Structures are given as C-alpha cells and as structure tokens.
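> Structure for this input, please:
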Amino acid sequence: MANNSSIRFRPAEAADAAAIRDIVREAYARWVPVIGREPLPMRADYDKALQEHQFDLAIENGRIVGLIETITHDDHIWIENVAVASEAQGRGIGRKLLESAERTADEAGLRELRLLTNGAFEANVSLSKRLGYAIDREEPFMNGTTVYMSKNLP
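Below you'll find the model as predicted:
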C-alpha cells in the first residue's frame, strides 16, 4: 500500500462532480446498514455543490481518493463533508484533508471550524475528537443523533 508521500492535493473543478459523487457514495456505503438509510451526503447534488462550496481533493496516481467540502462563513469554516475512498482509509488522508480546512480558516482570518456527523459514525466522532474537535451539542435526527462539533484554532 502506498504511503501518503504519493498523495497530492488540488482544488476541485466542475468536471470532478461525477468522481466526487462516486467517492462519497462508496465511502459512506458502509454506514447504510448502521443507520438504515443513505446518509445525506450520498444524496447531494455535487454539480450544484461545486458551484457553491469549496472542495479540496486528495489525488493519488491521478485518481481522487478523498475530498473535503467546506463553506466559508463570517465567523467560521463549515466542514460540510469529508470522504475518503475505502481502499485509502486508515492512512491519514482524512486528517490531512481536515488540516487543509484549518489552513483555509487561517488564510481567511477565521479561528473556528465546525462540522456535524451522525452519532452512529463512531469512527468519525473519534477522529474529530483526536484532532481537537469538541462536541458542542447532540440533537435527535431521523431516528438517530446528530453530533455538532467545533474546533478553535490557536
């Protein structure tokens, strides 16, 4: 398995919409049996999202293996989605994508990042906590729990 040195990052373009949709659907598929439905990112319109949000892609051997979708607000960066292809998971790509969102915040002069995840996605909650995100609140959503998290930059 290749290490992270073979991975480069670039902003997404409109032509990447189909590949982004495929990566998201594949990355989130493992959660369908856990929550009994497709997670919302699996149903998003990525042609539209690419026009409205910033996407940064992790590329390995010319192929997209991960992505982060962010939205810049007046006082924080909202992390809409992070997805890593299943064959590339466990290699720190998600962490590197989240670090890229911190750079985006820093460049915009913002000190806070926010995200939400499904409480059933324990691996996602754990990763976010390890990276310094705190749980702000939990709310019921579609027979489950939405976990809202944030991180303040120094």
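> Averaged pLDDT, the helix or strand where Tyr148 lies. What do you get?
In the assignment (DSSP states H and E), Tyr148 maps to strand 144-152. This predicted structure assigns strand 144-152 an average pLDDT of 95.
> what residues are up against Ser128?
Ser128 makes contacts with Leu98, Leu115, Thr117, Met149, Lys151, as judged by Cβ atoms under 8 Å, 6 or more residues apart in numbering. In this view, the C-beta of every residue, glycine as well, is placed from N, C-alpha and C.
> right, and out of those, which lies closest to Val32?
Thr117 (15.3 Å; Cβ to Cβ).
> That closest one touches Val125, doesn't it?
Yes: using Cβ atoms under 8 Å, Thr117 makes contact with Val125 at a distance of 6.0 Å.
> which residue packs closest to Ile79, ignoring adjacent ones?
Leu115 (3.9 Å; Cβ to Cβ, 6 or more residues apart in numbering).
> Please identify the helix or strand for the residue most central in space within the chain.
When the chain is reduced to its mean C-alpha position, the closest residue under Cα atoms, centre = their mean turns out to be Val82, at 1.2 Å. Remark: Val82 resides in strand 77-84, with elements defined by DSSP H and E.
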